[in-house]
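S.K.: Attaching a predicted model along with its sequence, questions to come.
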Amino acid sequence: MKWVLRIGGALVALLLVVLITLVAMGHRADAGRIRATVEIGASPEQLWPWVNDRDKLTRWVSWLVDVREETPDAAVGARRVWVMKDENNGGAPMEILGVFREYIPMKRLTVAVSSGDAFDGVQTYEFTDLGNGRTRMDIDSHFHFGARFAQLMEPVISPAARKKLVGDLGRLKALVEEHASVPQPAR
Amino acid sequence: MKSLFLARILLLAAAGEEYAEHVAGDLEEEFRSIRSLRGAWAGHRWYAWQVVRSVLPLLNMRARSGELTPVLLCASFGVAFPLLLLDRLWSFVYSQIPLKDGLHRAPEFLAVNALSASIGAAIGGAGTTSMRSAAIRAAAAAVSAGFALWLSAGAAPAIYVSILLLAAPASSLITFMWRRTA
């Protein structure tokens, strides 16, 4: 039985260290905040549809399979439902409701997002025209997780979410620049 | 001429302390007679086949007698169970990402998995008293790591699989050797 106690003791000790670290990290000032920036070789006019159009969004936001428009107009108060495929939950669909709080075309879009009891938060997309057909897009998100265990795991979830966002922005940049470089037909 | 070295090691590991010499001696005797009648190649082939055929029944016999229980428990609770638990935990983390994410785990998560399996296997290795039982526990650690990988939902890059399958048995053996020399 000695070895069972050894394994158990070591695992419990390890678990305690991890728990204390997670609790301490969960109290940092920017807990739940995810920020990312990308500079894209396209004008704000060329970039704007990529955060609004369903077909374009599903091309760069990984695991997004559909965007349902619950209200027809894109304006403050508009409601969009993002349907994500959760591969870590057996591929189950997960719906995220987004309500536009700010809608300034080609400048700024702020969306209040929520997904049942899982999480809620605010995500802001800000576009800065850098001139010469270049735009900087800043994404600033702040999330609060509903479940206790998710709150505990926040110091692990937020960096993983940021990594995912950076990957998505890399895909967006490639897609937008590829699209922007194609000469548009003369009208 | 000796029988195949690797096959002999496998047989000794599978047979355990109680049956090893008896089983190995019988096979060795038969091997010599086949080799002298049909040549070295036929003898080796026969020996290897006999070992392959015997491994599972021998392990089954030892498991039934309770001899393998500590090894199995050690491998299960020290390596496989923590790995599967961590896999579930990473699945939860990725499913909590507001915009969701896939099955590819971050390198630091995979490093935690490898570290956890190594610690579990090392503790198991520390509990052994002979080289033979240490080798069996190391092999069991590798098998249970492989089993946990097979059951994991997360994607497992080849480098991670290689590290895990090597680190688990290596840490078990290293701890045994370190304890013996200390």
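M.R.: Received it, and whenever you're ready, just let me know what you need. Predicted model only: the values in this text are computed from it and were never measured.
S.K.: Now residue A:67: closest residue in space that isn't a chain neighbour?
M.R.: Distances taken as Cβ to Cβ, 6 or more residues apart in numbering or on different chains place residue A:54 nearest to residue A:67, at 4.0 Å, with adjacent residues excluded. To be clear about C-beta, it is placed using only N, CA and C from the backbone, and glycine gets the same treatment.
S.K.: pLDDT below threshold where in chain B?
M.R.: Within chain B, the ranges that satisfy pLDDT under 70 run B:1-3, B:17.
S.K.: What distance do you get for the most centrally placed residue in it to residue B:115?
M.R.: With distances taken as Cα atoms, centre = their mean, residue B:139 lies nearest the centre of chain B, 2.3 Å away. Noted for residue B:139: a distance of 21 Å to residue B:115, by Cβ to Cβ, to the nearest Å.
S.K.: Regarding chain B, what is its longest helix?
M.R.: helix B:5-38 (DSSP state H).
S.K.: What's the first helix or strand after it?
M.R.: Counting by DSSP states H and E, the next helix or strand C-terminal to helix B:5-38 is helix B:40-65.
S.K.: rewinding a little: what packs against the longest helix of chain B?
M.R.: Packing partners of helix B:5-38 (3 or more Cβ pairs under 8 Å, 6 or more residues apart in numbering or on different chains; DSSP states H and E): helix B:40-65, helix B:131-151.
S.K.: Ok, which of these comes nearest chain A?
M.R.: Closest approach to chain A among the helices and strands packed on helix B:5-38 (Cβ to the nearest Cβ): helix B:131-151, 9.7 Å.
S.K.: and the next element down the chain from that closest one?
M.R.: helix B:158-181.
S.K.: Which residues does that next one contact?
M.R.: With Cβ atoms under 8 Å, 6 or more residues apart in numbering or on different chains as the test, helix B:158-181 has contacts from B:79, B:110, B:113-114, B:117-126, B:128, B:131, B:134-135, B:137-139, B:141-142, B:144-146, B:149.
S.K.: and those residues near chain A, which?
M.R.: Counting by Cβ under 8 Å from any Cβ of the partner chain, B:119-120, B:123-124, B:126 from these sit close to chain A.
S.K.: Number of residues surrounding the residue of chain B found nearest chain A?
M.R.: Relative to chain A, the nearest point of chain B is residue B:127 (3.7 Å; Cβ to the nearest Cβ). Residue B:127 has 22 neighbours, counted by other Cβ atoms under 10 Å in any protein chain shown.
S.K.: Hmm, it is touching residue B:75, no?
M.R.: No - with contact defined as Cβ atoms under 8 Å, residue B:127 and residue B:75 do not form a contacting pair (11.9 Å).
S.K.: Need the residues touching each of the two.
M.R.: Common neighbours of residue B:127 and residue B:75, counting by Cβ under 8 Å, 6+ apart, are residue B:137.
S.K.: before we move on, what SS does residue A:138 have?
M.R.: What DSSP: H, G, I helix; E, B strand; the rest coil gives for residue A:138 is strand.
S.K.: Kindly provide the distance from it to chain B.
M.R.: Look at residue A:138 and chain B: by Cβ to the nearest Cβ, to the nearest Å, they are 16 Å apart.
S.K.: Where do the helices of chain A begin and end?
M.R.: All helices of chain A, identified by DSSP H, fall at A:2-26, A:44-47, A:54-60, A:148-152, A:154-181.
S.K.: Turn these into a markdown table, columns for mean pLDDT and mean neighbour count.
M.R.: Supplementary listing: the helices of chain A in a markdown table, determined by pLDDT from 0 to 100; neighbours: other Cβ atoms under 10 Å in any protein chain shown:
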| stretch | mean pLDDT | mean neighbour count |
| --- | --- | --- |
| helix A:2-26 | 82 | 13 |
| helix A:44-47 | 93 | 19 |
| helix A:54-60 | 91 | 15 |
| helix A:148-152 | 90 | 14 |
| helix A:154-181 | 90 | 18 |
